[in-house]
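*Asks:* after the sequence you'll find the predicted model.
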2 protein chains.
Amino acid sequence: MAKPSAPSDFPRPFTTVDVVIFTVLNEALKVLLVQRPSGRGEPFPGQWALPGGYVDIDQDANLLACARRKLLDKTSVRSPYLEQLGSWGSATRDPRGWSATHAYFALMPAQAVQLSKGANAADVNWFDADEVLASPSLAFDHDEILRAAVDRLRSKVEYTSLPAFLLTEPFTLPQLQKMYEIVLGRPVDKSGFRTRMLAADFLEEVGVVESSAYRPPMGYRLKDRALPVFFPRTFSPRGEQ
Amino acid sequence: MAKPSAPSDFPRPFTTVDVVIFTVLNEALKVLLVQRPSGRGEPFPGQWALPGGYVDIDQDANLLACARRKLLDKTSVRSPYLEQLGSWGSATRDPRGWSATHAYFALMPAQAVQLSKGANAADVNWFDADEVLASPSLAFDHDEILRAAVDRLRSKVEYTSLPAFLLTEPFTLPQLQKMYEIVLGRPVDKSGFRTRMLAADFLEEVGVVESSAYRPPMGYRLKDRALPVFFPRTFSPRGEQ
DNA sequence: GGAATAGTGTCTTTGAGACATTATAGA
DNA sequence: TCTATAATGTCTCAAAGACACTATTCC
């Protein structure tokens, strides 16, 4: 035989990928959840869960590709910001047996999303992230994964340009500031914010945006759509830290 | 039957855990590697690799427990600093088939380690991390994983107390500073270093250490042996960033 | 007293936070 | 001219970096 065989005496855990998809909608941080199917033998029937599922070894070249597939499947968004969050594996997290999931988290502008309802996942919807965390009731260990994703997001927003991925281009600095404020859950000083964003040199002017009333703001787009920028220090109001 | 069965139509990738174990030895950052066995059907025979292996669903309650087991196995160290690094999974990383590994990274004082040579892993040894990275030749995608681990370590050392886990207690501030300098690969100002460490309030005086010549330094131990402390800002010499 | 290491003090500068002020548009 | 939003300026202060200085031990 050409390919060395894997040890057959090791029963394999099953392998899944879950994606925590964030957006900002109605001034709040939202997370995408899907309803578990209620067929026979299905775990957590009818409960809400993170979108995800089995790795398909024929279809998925690697874990990231698998995450992108599941993401495209539910949102029809092709290339949002996507990063690995961590993995969770244990004998008990899935009643069907030892399983390990590779969790990713994604950021996307709400406007870009086309929720694909129906099909196998009975329903798909945006939920207020903090409300879900306040009364945890997701399937599997998804409350824990969501908690980790929100913590990671909030902490990275303190020192990166991540919120820019929640907006469609061109966006304005006041809009971007608003994204920071919504995710962080607190106001941010305008002057310092602007200085910081412009000093980080990751934005490109694309001309004044018209549409709005009053003084029209400058429009910007990302110089590099692929990666966030890291700031040298975190946002932090005087008293804290 | 009591337990719902997993979908049998999904061939499962196999699941492994690998551990990047760091220590500081002879003024250099070292990583623990094991030599791949050379039996029939074994991938990468004779090549060096990160310690790790299959998740044993009977023995391992969860991924962390599996990592701890593999670590104890090779070093006889029971509870070093251990954190999840990420996961790597693809159709091609292991010639035996689609596999996903959950990578952890660990820090331990060199004195605590009892290398367990022999057995299945023909040999186990410490290697200079930067030398390994300079001429990548590890089995599987372990060069990539090591790269990620070193990057993560160096970046976290800039703003956390991680290097304290490379020392046995009690340790002195000059010793701790040395750990920072070795990992970062650059000198650190003594005064600022001391201010910073003491301000972070994670150390406890345990009396002057005798043994050494000249002025005897104060000995310290960690207030909380479980978690590192995060500093509000990174170390960064003037010119940079 | 000299040498070597441990530990402290002082000056400067950077950059963030707070808040006041100016700029530009529509009504 | 008034109002609402966009954008900039100014003052203060905390903390880091650089480096000089003091302290304690052994020889």
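*Replies:* Structure's in. What do you need? Residues are numbered from 1 along each chain as shown, chains lettered A, B, ... in the order given.

*Asks:* DNA strand C contacts on chain A?
*Replies:* A:189-192, A:195-196, A:199, A:208, A:213-216, A:231-239 (Cβ under 7 Å from any atom of the strand). All C-beta atoms are positioned from the backbone trio N, CA, C, and that covers glycine.

*Asks:* from the residues you listed, list just the buried residues.
*Replies:* A:196, A:231, A:234-235 (16 or more other Cβ atoms under 10 Å in any protein chain shown).

*Asks:* for the lengthiest helix in chain A, name the packing helices and strands.
*Replies:* For chain A, the longest helix by residue count, based on DSSP state H, is helix A:142-157. Counting contacts by 3 or more Cβ pairs under 8 Å, 6 or more residues apart in numbering or on different chains; DSSP states H and E, helix A:142-157 is packed against strand A:14-25, strand A:28-35, strand A:81-90, strand A:99-107, helix A:129-134, helix A:173-184.

*Asks:* list the buried residues for the first one?
*Replies:* Read that as strand A:14-25. A:14-24.

*Asks:* residues in contact with the residue nearest the centre of chain A?
*Replies:* Closest residue to the average C-alpha location of chain A: residue A:106 at 2.6 Å, with Cα atoms, centre = their mean. Applying Cβ atoms under 8 Å, 6 or more residues apart in numbering or on different chains to residue A:106 gives the contacts A:19-22, A:67, A:71, A:80-82.

*Asks:* which residues of chain A lie near DNA strand D?
*Replies:* Contact residues (Cβ under 7 Å from any atom of the strand) of chain A with DNA strand D: A:172-174, A:190-191, A:194, A:212-218, A:238.

*Asks:* now tabulate these in CSV and tack on distance to residue A:52.
*Replies:* Formatted as CSV, the residues of chain A next to DNA strand D follow (distance: Cβ to Cβ, whole Å):
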residue, distance to residue A:52
A:172, 35
A:173, 35
A:174, 35
A:190, 39
A:191, 42
A:194, 38
A:212, 39
A:213, 43
A:214, 44
A:215, 45
A:216, 42
A:217, 38
A:218, 39
A:238, 41
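
*Asks:* so which of these are in strands?
*Replies:* A:172, A:218 (DSSP state E).

*Asks:* so which pair among the residues of chain A next to DNA strand D is furthest apart in space?
*Replies:* Spatial extent of the residues of chain A next to DNA strand D (Cβ to Cβ) is set by the pair A:213 and A:238 at 34.2 Å.

*Asks:* could you export the helices and strands packed on helix A:142-157 as a markdown table, including distance to residue B:204 and mean pLDDT?
*Replies:* Compiled in a markdown table, the helices and strands packed on helix A:142-157 are given as follows (distance: least, Cβ to Cβ, whole Å; pLDDT from 0 to 100):
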| stretch | distance to residue B:204 | mean pLDDT |
| --- | --- | --- |
| strand A:14-25 | 38 | 97 |
| strand A:28-35 | 39 | 97 |
| strand A:81-90 | 31 | 98 |
| strand A:99-107 | 36 | 98 |
| helix A:129-134 | 35 | 98 |
| helix A:173-184 | 34 | 96 |
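
*Asks:* how about those, which one is nearest residue B:165?
*Replies:* Of these, nearest to residue B:165 by Cβ to Cβ is strand A:81-90, at 20.1 Å.

*Asks:* gap between that closest one and the chain center?
*Replies:* 11 Å (Cα atoms, centre = their mean, to the nearest Å).

*Asks:* tell me which strands and helices it is in contact with?
*Replies:* Packed against strand A:81-90 by the contact rule (3+ Cβ pairs under 8 Å, 6+ apart) you find helix A:63-75, strand A:99-107, helix A:142-157, helix B:63-75, strand B:81-90.

*Asks:* restricting to C-alpha, output the third one in CSV.
*Replies:* What follows is helix A:142-157, C-alpha atoms only, in CSV (Å, rounded to 0.1, in the frame of the first residue of the first chain):
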residue,chain,number,x,y,z
HIS,A,142,-20.8,26.8,23.3
ASP,A,143,-21.5,29.2,26.2
GLU,A,144,-17.9,28.8,27.3
ILE,A,145,-16.7,29.3,23.7
LEU,A,146,-18.7,32.4,23.3
ARG,A,147,-17.4,33.7,26.6
ALA,A,148,-13.9,33.2,25.3
ALA,A,149,-14.6,34.8,22.0
VAL,A,150,-16.2,37.9,23.6
ASP,A,151,-13.3,38.2,26.1
ARG,A,152,-10.8,37.9,23.3
LEU,A,153,-12.6,40.4,21.1
ARG,A,154,-13.0,43.0,23.8
SER,A,155,-9.4,42.6,24.9
LYS,A,156,-8.0,42.8,21.4
VAL,A,157,-10.1,45.8,20.6
